[in-house]
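> Here is my input; please provide its structure:
(chains A and B)
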Amino acid sequence: MSKNNWLKEIQIIINNIMAIYRKELQGYFTLPLAYVIAGIFWLLAGYFLIALLLGGEGIIQQLATRDQLGITKPPIDAAYEFLKSYLSVMGSLSLFILPMLSMGLYTEERKRGTLELLATSPITNWAVAIGKLAGVLTFYVTMILPIILIETMVISATNPPISPHILILGNVGLILLAGGILSLGMFVSSLTDSTVLAAILTFALVLFLWIIDVLANAIGGNIGAGLQHLSLLNNYQNMIKGVLDTSSFIIFFSYIILGVFLTAQSVDALRFQRS
Amino acid sequence: MIEVEKLSKIYGKTTALKDVSFHVNKGEILGFLGPNGAGKTTTMRILSGYLPATTGIARIAGFEVHEQTMAVRQVIGYLPEVPPLYPEMTVEDFLYFVTRIKQVAAGDRSRRVDIALSKCGLLEKRQVLIKKLSKGFRQRVGVAQALVHDPPVIILDEPTVGLDPRQIIEVRNLIKSLANDHTIILSTHILPEVSMTCHRVAIINKGEIVLEGTPDQMIAQLAKSEGYDLEITGELELINQAVNLIKNLPGVIDVEIINNLSSNLSNSSPNNADLVDTVKEYSDQPVIMQINCEALQDLSKEIVGAIINSGLTLSEMRKNKASLEDVFLDVTTGATMKEVKPDYLPGDHIILQENVNVNNDQSADVN
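Numbering: from 1, shown residues only, chains lettered A, B, ... in the order given. The predicted structure is shown next:
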């Protein structure tokens, strides 16, 4: 009997998360702003793709110059280098785009007054947070899907063909990185009802993460190593190099869970103030 | 069904609510009345679990709103002050979403949404985007989301704000039809609504409950007076006679005669020094007699008798019942405000003195 109750409870929680998830997705595909952001992202991603691959400073050109100059050591795997650089650029690009996706997550609910509906319905704070994060992450994945497609096309044209190892790992890393940033960005958006303020604070957060990364590389010794471990960006860099490290996964998921947890807490705490 | 005990809410130095206690029985509609800023919305928010109280408890269907908030959320439908709507969704999609987060079983959802749409008159707007709806329709969607999951307790914060008179009547009828099967608490500062819809009323002012009871009880308790307005025609001495008669009736507090002469006087020639003569000339103009009597007295028969016996013509008679408005104003401002009657200018009051010689000496005081 109690096992049935357990299952029912889990069922209810999943239903709740799905309800929020559905609503969020519906919103993204009907909101003009979402298309604008996606369009800008694709434009920039496309530009970088062309520049990196085919441009004057691009990989192919560089290798050609190398060949001309007769430098053959160390051997360079063009596809590998390209993927690494491109994914790195994608990471940086995402760091700019992601705050714009997460800024509205809670600020809009507050502004419209719908937070009062969610907070007085039999659905927990963290179910709402998970549903929202899943929604925005799905949107992000949809945005990078075409990019991944193109990357696949580029890779498949290499001779000899390289393993899809980097492609998969790198993009998984990208998605996890996005998850972490979006999760923290969601927390920031739950602190205020001004979308602009949320965006600014999230950009500041991203900057802060970048600084940690720089510090981690600059400072040697144990502290540096510790910071490197914790740094989101550093872990991402590792993944796109093809380094499969379970601790990286753990760190990514920790950031994601941290964001969700903080969001759930802050929604509760802020209700207790004069609004 | 709803029990509130000594609820207090303090924000820093401001006390929003102080020891608020009231109850709503099952199947009842309680009107929660108060001026703006009195604490109505704060109370509603505490009841729905959106805000915690500083001290005190509230129970809905036996569940305490702080300790058992999930259970409470299961049994309530709530319309906040600002209807919680997603502008980018259609009415139907939004109501479906609400049924999902209110744990309505999958098979029931479609039926419940249809019922809510038809009860709130939204059937023809079901596919319309919420952002395209007028304020009145948005308010209706707000009411719809509060009852789409058929909750036993419904909390409505100003449900008729922004609606036109016809829509107000529809919402009122809707609320009345929900009683018995549902327990409803609604807050408003539109007074006639309350006496028409609610079984009981609680008046809140500056964070404290000042009065609670049925509308009739409250009026009986506090209403200072009622009155009659009559339109009569006849000669001045006959009017005086009637006034004396009526003044002496038990339960009558005072009688006033109001005359629309000023406009006529200003039109007449400037040589009329003797006002009394002028008044005499216009004795076939109807005058208004205002009678103030103690509350809940029915003196219509005696008054009409006095008028007829004085040989006057009665063309209109109207009873001014004490209204909830008087009670409300009295209780929230600490003074009975006399409403300025728009038709009569202050200079038109003519109060006749008591001892009037019917034959010759007539004195009229013009205030």
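> ranges for the helices of chain B?
B:40-48, B:69-75, B:91-101, B:106-119, B:135-147, B:165-178, B:191-197, B:215-222, B:236-247, B:261-267, B:275-281, B:300-309, B:324-333 (DSSP state H).
> Include mean pLDDT and mean neighbour count when you put the ones you listed into TSV, please.
C-beta coordinates here come from the backbone N, C-alpha and C atoms, glycine included. Output for the helices of chain B, formatted as TSV (pLDDT from 0 to 100; neighbours: other Cβ atoms under 10 Å in any protein chain shown):
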stretch	mean pLDDT	mean neighbour count
helix B:40-48	91	25
helix B:69-75	91	19
helix B:91-101	94	23
helix B:106-119	92	16
helix B:135-147	90	23
helix B:165-178	84	16
helix B:191-197	77	19
helix B:215-222	73	16
helix B:236-247	81	20
helix B:261-267	44	12
helix B:275-281	54	14
helix B:300-309	83	15
helix B:324-333	70	19
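> In JSON lines, list those helices along with distance to A:Val141.
Converted to JSON lines, the helices of chain B look like this (distance: least, Cβ to Cβ, whole Å):
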{"stretch": "helix B:40-48", "distance to A:Val141": "36"}
{"stretch": "helix B:69-75", "distance to A:Val141": "32"}
{"stretch": "helix B:91-101", "distance to A:Val141": "23"}
{"stretch": "helix B:106-119", "distance to A:Val141": "27"}
{"stretch": "helix B:135-147", "distance to A:Val141": "31"}
{"stretch": "helix B:165-178", "distance to A:Val141": "44"}
{"stretch": "helix B:191-197", "distance to A:Val141": "51"}
{"stretch": "helix B:215-222", "distance to A:Val141": "59"}
{"stretch": "helix B:236-247", "distance to A:Val141": "86"}
{"stretch": "helix B:261-267", "distance to A:Val141": "79"}
{"stretch": "helix B:275-281", "distance to A:Val141": "90"}
{"stretch": "helix B:300-309", "distance to A:Val141": "79"}
{"stretch": "helix B:324-333", "distance to A:Val141": "57"}
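> Out of the ones you listed, which gets nearest to A:Ser94?
helix B:91-101 (29.7 Å; Cβ to Cβ).
> So which residues make contact with that closest one?
A:15-16, A:18-20, A:22-23, A:26, A:117-118, A:121-123, B:85-86, B:89, B:108-109, B:112-113, B:116-117, B:122, B:125-128, B:130, B:133, B:141, B:144-145, B:148-149 (Cβ atoms under 8 Å, 6 or more residues apart in numbering or on different chains).
> Could you do stretch B:56-67 as well?
B:1-8, B:19-21, B:46-49, B:52-53, B:71-72, B:75-76, B:152-153.
> How many residues are close by residue 6?
Defaulting to chain A. By other Cβ atoms under 10 Å in any protein chain shown, 10 other residues sit near A:Trp6.
> oops, chain B please
Neighbourhood size, B:Lys6 [other Cβ under 10 Å]: 14.
> State the distance from the residue nearest to it when sequence neighbours are not counted to chain A.
Excluding the flanking residues, the one nearest B:Lys6 by Cβ to Cβ, 6 or more residues apart in numbering or on different chains is B:Gly56, at 4.2 Å. From B:Gly56 over to chain A the distance is 15 Å, taken as Cβ to the nearest Cβ, to the nearest Å.
> likewise B:His66?
Taken as Cβ to the nearest Cβ, the span from B:His66 to chain A is 12 Å.
> Around that residue, count how many other residues there are.
By the measure other Cβ under 10 Å, the count of residues near B:His66 is 14.
> now it: how far from B:Val153?
To B:Val153, B:His66 is 16 Å away according to Cβ to Cβ, to the nearest Å.
> show me what contacts A:Ser102?
A:Ser102 neighbours (Cβ under 8 Å, 6+ apart): A:Val136, A:Ile181, A:Leu182, A:Gly185, A:Met186, A:Val188, A:Ser189, A:Ala198, A:Thr202.
> Just the ones in helices from those residues, please.
Assigned to helices by DSSP H, the following of the contacts of A:Ser102 qualify: A:Val136, A:Ile181, A:Leu182, A:Gly185, A:Met186, A:Val188, A:Ser189, A:Ala198, A:Thr202.
> Buried ones among the residues you listed?
A:Val136, A:Ile181, A:Leu182, A:Gly185, A:Met186, A:Val188, A:Ser189, A:Ala198, A:Thr202 (16 or more other Cβ atoms under 10 Å in any protein chain shown).
> Isn't the third one up against A:Leu98?
Yes: with contacts counted by Cβ atoms under 8 Å, A:Leu182 reaches A:Leu98, the gap being 5.8 Å.
> can I get the CA coordinates of stretch B:192-209 in PDB?
The C-alpha coordinates for stretch B:192-209 follow below in PDB (Å, rounded to 0.1, in the frame of the first residue of the first chain):
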ATOM      1  CA  PRO B 192     -24.100  47.100  -2.600                       C
ATOM      2  CA  GLU B 193     -22.400  43.900  -3.800                       C
ATOM      3  CA  VAL B 194     -21.900  42.700  -0.300                       C
ATOM      4  CA  SER B 195     -25.500  43.000   0.900                       C
ATOM      5  CA  MET B 196     -26.700  41.300  -2.300                       C
ATOM      6  CA  THR B 197     -24.400  38.400  -2.400                       C
ATOM      7  CA  CYS B 198     -23.100  37.600   1.100                       C
ATOM      8  CA  HIS B 199     -24.600  35.800   4.000                       C
ATOM      9  CA  ARG B 200     -22.300  37.400   6.400                       C
ATOM     10  CA  VAL B 201     -20.000  40.400   6.400                       C
ATOM     11  CA  ALA B 202     -16.700  41.300   8.200                       C
ATOM     12  CA  ILE B 203     -15.500  44.800   8.100                       C
ATOM     13  CA  ILE B 204     -11.800  45.500   8.500                       C
ATOM     14  CA  ASN B 205     -10.200  48.800   9.000                       C
ATOM     15  CA  LYS B 206      -6.600  49.600   9.600                       C
ATOM     16  CA  GLY B 207      -5.700  46.000  10.100                       C
ATOM     17  CA  GLU B 208      -8.400  45.200  12.700                       C
ATOM     18  CA  ILE B 209     -11.800  43.600  12.400                       C
END
